[in-house]
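Student: can't give you the sequence, but here's the structure:
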């Protein structure tokens, strides 16, 4: 588009022509400003552009708000998780402490139960005696389930009288046992008989042994001193060792199932048994 040129008219004062003089008058120049027509923009497009700009600004604002909110949520969750982790750590420590205390209480309860059992056992033993033999059951201030020199087996205390002298008859042997809250041994099973046989040993000659709590009744039956009939019958049948009598004598170092002899009024060693319910050793 061609630019439009505007001419300015120069008017001299007094309406006269300038005198012709040799001296030249200064020339006055006018500033010529071209007129540029403004670009015409339709009103609809301007409104749409303005609306679009506002929408972008609103959208950017919403994004900023959402971003700030997300950051806040993340920070909050992080703080909560850290707090929960600390709480979990504290709970774990408390649980471990409780388990330790539980273990200590269980151990103390077990020790108290053992002590109660020991006291009950001691009381039961004491009641068997008019004068409780403290030195026999508690040598060196340490109590034990059996008296000194007695052997514990399956809840019973056994005494194998093995003195080199002072052997006794069957009746005197029984009295010796009874004076110690015991009696001559009653054998209830092959297992118990095996234990007894393993703790007897040969002495003096082949006819001497250990008195048992077994005797012959008037009707020729063999009866244990606790009142029940003998069912084992471990008699020696192929060899006569001495005078026959009404009392059972265990001969050591023979076949356990053929080691009993029927003896009379002779002096022998013997076996006592104290039927005591064994619980736990006193400590």
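Tutor: Looks like it arrived, so ask away. Since the model is a prediction, treat every value here as computed from it, not as a measurement.
Student: where are the low-confidence patches of the protein?
Tutor: 1-43, 118-119, 121-144, 239-240, 242, 275-283 (pLDDT under 70).
Student: okay, which residue is most central for it?
Tutor: Residue closest to the average C-alpha location in the chain (C-alpha atoms, centre = their mean): residue 103, at 6.9 Å.
Student: angles on the backbone of that one, please.
Tutor: When read as degrees, to the nearest 10, the backbone of residue 103 gives phi -60, psi -40.
Student: and the gap between it and residue 117?
Tutor: Using C-beta to C-beta, to the nearest Å, residue 103 is found at 21 Å from residue 117. C-betas here are computed from N, CA, C, even on glycine.
Student: do the same with residue 94
Tutor: Applying C-beta to C-beta to residue 94 and residue 117 gives a distance of 34 Å.
Student: neighbour count for these two, which is higher?
Tutor: In this view residue 94 and residue 117 are compared by other C-beta atoms under 10 Å, and residue 117 has more residues nearby, 13 against 10.
Student: may I have the secondary structure class of that one?
Tutor: Following DSSP: H, G, I helix; E, B strand; the rest coil, we place residue 117 in the helix state.
Student: which residue comes closest to residue 213 once chain neighbours are left out?
Tutor: residue 184 (3.3 Å; C-beta to C-beta, 6 or more residues apart in numbering).
Student: how about residue 253?
Tutor: Closest to residue 253 by C-beta to C-beta, 6+ apart is residue 202, at 4.9 Å.
Student: so that neighbour is in which element?
Tutor: Using DSSP states H and E, residue 202 is not contained in any helix or strand.
Student: how many residues are close by it?
Tutor: Per other C-beta under 10 Å, the neighbour tally for residue 202 reads 12.
Student: I'd guessed it sits against residue 254; true?
Tutor: No: in this structure, residue 202 is not within contact of residue 254 by C-beta atoms under 8 Å, at 9.3 Å.
Student: where do the helices sit along the protein?
Tutor: Along the chain, counting by DSSP state H, helices occupy 43-126, 134-137, 170-178, 190-198.
Student: residue 164: which of the ones you listed is closest?
Tutor: Nearest to residue 164, of all these, is helix 170-178, at 16.0 Å by C-beta to C-beta.
Student: buried stuff in the closest one?
Tutor: Neighbour counts over helix 170-178 (16 or more other C-beta atoms under 10 Å) mark 170, 173-174, 176-177 as buried.
Student: measure residue 183 to residue 191 for me?
Tutor: 20 Å.
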